[in-house]
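**Q** this one's sequence-less:
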């Protein structure tokens, strides 16, 4: 029994460190200390084997040198341990007797909520080892517990195509001194820049327990949802299910500061509840996520609706169509500055996987960029074939888009397709279209003006929230655990309505 335990590799990790730090707060004063950071994953690298302790054979006298520790670079023994031999360079690695461990690099970025006004999001490279690899996905938010380390930025100094090696600077003894940096003579430079990295030993998801990532989980049953709730939370869900005015109360709780447009709010609420994904006998996947497009005149709260959804939904991405490229919306293949390998960097649709992607100014997108999201909107996948990288990535997201009519104002004399600058393939991928027209009405104008004034005066009675954000998300997650079936009468009604729309040219 003792021998079995001795042969096993054990890795120690720390959890629930009291203080959580932001990426922006990591300074040199925190180097070498145990801390916890939080952020959103924007890039993941492939898993590579890392040499931890090497066994080397002297090529001059065949002496075996064991347990040579490695520090993010290939380190050979300083000198042969044979007193007679003075070899310092000629060593060969015995891979069979060396110890390797899984190694993965990821990039973590500040979330939108943590970003100070007028600042660009900062990112940090995080290193995962052993069982921590392949435990994160691009777009998710995580807590990492570990140590902030300093590595030389040799990637920017080496020649293109050359492999760059990292060397960590570790503390030695109690004098606080750090080991010098080795292996830089080949660069032929004296100046050296440093950068910080985070060596993580523990990874924990920080998404809300009933966030959007949980909403789209197909294998969650009603009983599983019940086990995840406390008695108080379950009683609240049951109380909401008995509410006779639940539909309207959910709408007012979802958009408490926006007046009117109840039909649009209902459509967005149905988008959050979603449909049921299915798979045909041929293996074709039928998406269950709903895509919604809002077309309307200026000052009709289109952008406000999108902002509200992106803020209330944990796994949501807000972007502008004019300022987004095809790679920024789907995924980009970039070259790693150190290993020079090509890696995939997630775009907005990948970051919103199992969530909602809000795209404002959708009509301002270039036609070439609109074509790039055709596959993501229908098949909910993103296929890449660039720079030797071939991959099919998941983009299981609902798209909530806002667009302005051609000419700025909606023309009732024209059809919907004539009023928007969208191609027919893009329009066919939206399930719901809503048209908002800015018409003059004394009663409506007074109500909107009164609402805006009360909002600026911070009057509490302005917000008509019946349910809190947590209750709202919890109820949506509970409702999505059901898999309803269409009745014969409902199916007949849908077929007849679709036929009538097609007959009218819709």
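**A** Looks like it arrived, so ask away. Everything numeric here is computed off the predicted structure, so don't read it as measured data.

**Q** the bottom helix or strand of the chain by mean pLDDT?
**A** strand 177-178 (a mean of 36; mean pLDDT, DSSP states H and E).

**Q** got the residue ranges for the helices in the stretch 301-450 of the chain?
**A** 302-312, 326-329, 348-351, 367-372, 374-378, 416-419, 424-428, 442-456 (DSSP state H, counting those that start in this stretch).

**Q** just the ones you listed: most buried one?
**A** Ranked by mean neighbour count under mean count of other C-beta atoms under 10 Å, these are led by helix 348-351, which reaches a mean of 26. No exception for glycine: its C-beta is placed from N, CA and C like everyone else's.

**Q** just checking, what packs against that one?
**A** strand 316-320, helix 326-329, strand 356-360 (3 or more C-beta pairs under 8 Å, 6 or more residues apart in numbering; DSSP states H and E).

**Q** got the helices of the stretch 301-450 of the chain as CSV, with mean pLDDT and distance to residue 139 columns?
**A** Listed next are the helices of the stretch 301-450 of the chain as CSV, based on pLDDT from 0 to 100; distance: least, C-beta to C-beta, whole Å:
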stretch, mean pLDDT, distance to residue 139
helix 302-312, 85, 13
helix 326-329, 81, 13
helix 348-351, 82, 4
helix 367-372, 80, 18
helix 374-378, 84, 14
helix 416-419, 83, 32
helix 424-428, 86, 23
helix 442-456, 73, 32
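
**Q** And these: which comes nearest residue 392?
**A** Ranking the helices of the stretch 301-450 of the chain by proximity to residue 392 (C-beta to C-beta) places helix 374-378 first, at 9.4 Å.

**Q** Outside of the closest one itself, list whatever touches it.
**A** 287, 291, 329-330, 349, 381-383, 395, 397, 399, 425-426, 429-430 (C-beta atoms under 8 Å, 6 or more residues apart in numbering).

**Q** Tell me which two of these sit farthest apart.
**A** Across these (C-beta to C-beta), the longest gap, 21.3 Å, separates 383 and 430.

**Q** More neighbours: which of these two?
**A** residue 430 (19 against 13; other C-beta atoms under 10 Å).

**Q** how near is the more buried one to residue 362?
**A** Distance, residue 430 to residue 362, using C-beta to C-beta, to the nearest Å: 10 Å.

**Q** circling back to that earlier point, out of the helices of the stretch 301-450 of the chain, which gets nearest to residue 83?
**A** That would be helix 348-351 among the helices of the stretch 301-450 of the chain, by C-beta to C-beta, at 58.5 Å.

**Q** Need the residues that contact that closest one.
**A** With C-beta under 8 Å, 6+ apart as the criterion, helix 348-351 contacts 40, 42, 138-139, 317, 319, 324, 328-331, 357, 359, 373, 376, 382, 393-395, 397, 399.

**Q** Then stretch 77-85?
**A** Counting by C-beta under 8 Å, 6+ apart, 56, 58, 60, 61, 63, 65, 68, 86, 87, 88, 91 sit against stretch 77-85.

**Q** okay, and the common contacts of residue 430 and residue 362?
**A** Joint contacts of residue 430 and residue 362 (C-beta under 8 Å, 6+ apart) are 293, 401.

**Q** any idea which residue of this protein is furthest from its center?
**A** residue 84 (58.1 Å; C-alpha atoms, centre = their mean).

**Q** secondary structure element for it?
**A** Residue 84 is part of no helix or strand, with elements assigned from DSSP states H and E.

**Q** Domain boundaries for this protein, per the record?
**A** Following automatic domain parsing, one finds the domains of the chain at 11-50+100-205, 212-503.

**Q** how close does the residue nearest to residue 253 when sequence neighbours are not counted get to residue 55?
**A** Once flanking residues are discounted, residue 253 sits nearest to residue 467: 4.3 Å by C-beta to C-beta, 6 or more residues apart in numbering. As for residue 467, its distance to residue 55 is 63 Å (criterion: C-beta to C-beta).

**Q** Run through the stretch 351-500 of the chain and note the low-pLDDT ranges.
**A** 455-456, 458-464 (pLDDT under 70).

**Q** Now with 80, please.
**A** Low-confidence segments of the stretch 351-500 of the chain, defined by pLDDT under 80: 353, 368, 386-394, 438-466.

**Q** end to end, how far does stretch 13-20 reach?
**A** 16 Å (C-alpha to C-alpha, to the nearest Å).

**Q** Can you give the contact residues for that stretch?
**A** In contact with stretch 13-20 (C-beta under 8 Å, 6+ apart) are residues 34, 35, 36, 37, 38, 132, 143, 145, 201, 202, 204.

**Q** try stretch 259-266
**A** Here stretch 259-266 makes contact (C-beta under 8 Å, 6+ apart) with 247-248, 251, 254-255, 258, 294, 300-301, 305, 434, 436, 444, 447-448, 451.

**Q** do the same with stretch 131-138
**A** Counting by C-beta under 8 Å, 6+ apart, 11, 13, 41-44, 47, 102-104, 106, 128, 142, 200-203, 346, 350-351, 353 sit against stretch 131-138.

**Q** where does residue 35 sit relative to residue 130, distance-wise?
**A** From residue 35 to residue 130 the distance is 20 Å (C-beta to C-beta).

**Q** what about the stretch 51-200 of the chain, any weak spots by pLDDT?
**A** 70-74, 111-119, 137-140, 151-194.

**Q** Mind checking which of the contacts of stretch 131-138 land in helices?
**A** Of these, the ones assigned to helices by DSSP state H are 350, 351.

**Q** Now the buried members of the contacts of stretch 131-138.
**A** 41-44, 103-104, 106, 128, 142, 200-203, 346, 350-351, 353 (16 or more other C-beta atoms under 10 Å).

**Q** from those, which ones fall inside strands?
**A** 41-44, 103-104, 106, 128, 142, 200-203, 346 (DSSP state E).

**Q** Residue 233: which of the residues you listed is nearest?
**A** Checking those one by one against residue 233 (C-beta to C-beta), the nearest turns out to be residue 142, at 23.9 Å.

**Q** Contacts only, for the closest one.
**A** Contacts of residue 142 by C-beta under 8 Å, 6+ apart are 38, 39, 41, 108, 136, 203, 204, 205, 206.

**Q** Please tell me which one of those residues counts the most neighbours.
**A** residue 39 (27 neighbours).

**Q** burial measure for residue 138, as a count.
**A** 20.

**Q** three-state assignment of it?
**A** coil (DSSP: H, G, I helix; E, B strand; the rest coil).

**Q** residue boundaries of the strands in the stretch 151-300 of the chain?
**A** For the stretch 151-300 of the chain, the strands defined by DSSP state E, counting those that start in this stretch cover 171-172, 177-178, 194-205, 278-279, 285-286, 292-296.

**Q** out of these, deepest packed?
**A** Across the strands of the stretch 151-300 of the chain, the average number of neighbours (mean count of other C-beta under 10 Å) peaks for strand 292-296, which reaches a mean of 24.
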